[in-house]
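In: Output the structure for:
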Amino acid sequence: MTRIIIVLFNLLIFCHLTIKGQDTVMLIPPKIDIKIDNCDSNSKYISELLEEVKSYGYQTGSVFYTDNVISVDLNNNGVCEYILKFYDGGANIIEAFYEVKNNELKNIGRFWENSYSWLERFNDYPQLLVVYYDGRKTNPIWKFKLLRYNGEEYVVHYSPNLTYGELKDLGLKYFKQSNYKLAEICFRNVLTVYSYDNSTDVNNLALSLIKQNKKVLLPFSWIKISFGKTYI
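Out: Residues are numbered from 1 along each chain as shown. Modelled structure (predicted):
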């Protein structure tokens, strides 16, 4: 009797850990486009942002980048938010997000130029997919995280700490366990996040859909399937 109880207890722990691990697999929302300059910008705020970076000695007259402010309506309320792009004095161009609260500019996020993509909106604001490198600059290991606006600023909502290869391998593991739903999520994330021109990744997703008796309806840019080949 005692042995049975121990076995059942261990089984419950295993199930709990398995479910907990599965909960960490989140589907990255689809990418979207944000219209730039689709709101009435305020020259006062633009001037304030440009003046802010002029205080940097290396920024004034920089041959690397000309100060620039982009007006954008992030939450579709007709009021502009602003993206300030400037050279950081090192090797990067920074994009700093600002919104207007109580007639004052408030920073809500700061990212490297071209390091993020706009994703499907959550609570009116677009989510952000940020791709970053972990490790040495001479040998970067690319990973990703999902950010959401929390009412004050953009914060990390999901950060699985997975590289392209690790994410694909996780999908393969779920597929071999016949957990095709989680395999589908992993393979979709591979294509959404890394956007590699790799027919293997498209085939993996297609096979996980077929195993669930789902129609294989993929974005046109992903339809590069080599029929008759199995990669899993």
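
In: can you list the weak-confidence ranges in this protein?
Out: Across the chain, residues meeting the criterion (pLDDT under 70) sit at 1-23, 57-67, 136-140, 196-197, 217-232.

In: Would you mind splitting it into its domains for me?
Out: 43-158, 162-232 (automatic domain parsing).

In: For residue 31, list each beta-bridge partner.
Out: Beta-bridge partners recorded for residue 31 (DSSP bridges): residue 119.

In: Tell me who's in contact with it.
Out: Contacts here follow C-beta atoms under 8 Å, 6 or more residues apart in numbering; on that basis residue 31 touches 117-120, 129, 192. Backbone N, C-alpha and C define where each C-beta goes, glycine included.

In: ditto for residue 162
Out: 143-144, 170.

In: Among the residues you listed, which ones are in strands?
Out: Among the contacts of residue 162, DSSP state E puts 143-144 in strands.

In: quick one: which of the contacts of residue 162 is nearest residue 97?
Out: residue 144 (18.6 Å; C-beta to C-beta).

In: what's the neighbour count on that closest one?
Out: Residues lying near residue 144 (other C-beta atoms under 10 Å) number 23.

In: need the contact list for it.
Out: With contacts defined as C-beta under 8 Å, 6+ apart, the neighbours of residue 144 are 28, 129-132, 159-160, 162, 193-194.

In: Put the buried members of the residues you listed into a ChimeraX selection.
Out: Buried residues within the contacts of residue 144, by 16 or more other C-beta atoms under 10 Å, are selected in ChimeraX with:
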select :28,129,130,131,160,162,193,194
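
In: Which one of the contacts of residue 144 is nearest to residue 89?
Out: Looking across these and measuring by C-beta to C-beta, the closest to residue 89 is residue 132, at 19.9 Å.

In: Name the strands paired with the strand or helix carrying that closest one and say parallel or antiparallel.
Out: If you go by DSSP states H and E, residue 132 is part of strand 125-134. For strand 125-134, the paired strands and their directions (DSSP bridges) read strand 116-122 (antiparallel), strand 141-149 (antiparallel).

In: Would you format those as CSV with distance to residue 212 included?
Out: Listed next are the strands paired with strand 125-134 as CSV, based on distance: least, C-beta to C-beta, whole Å:
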stretch, distance to residue 212
strand 116-122, 22
strand 141-149, 24
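
In: among those, which is the most enclosed?
Out: Highest mean neighbour count of these: strand 141-149, a mean of 19 (counted as mean count of other C-beta atoms under 10 Å).

In: now that one, how far from the chain's geometric center?
Out: 5 Å (C-alpha atoms, centre = their mean, to the nearest Å).

In: same deal with stretch 70-81?
Out: On C-alpha atoms, centre = their mean, the centre of stretch 70-81 falls 21 Å from that of its chain.

In: Stretch 77-96 too?
Out: 18 Å.

In: what are the ranges of the strands in this structure?
Out: 68-72, 81-87, 93-101, 104-112, 116-122, 125-134, 141-149, 154-158.

In: Kind regards, and thank you for your time.
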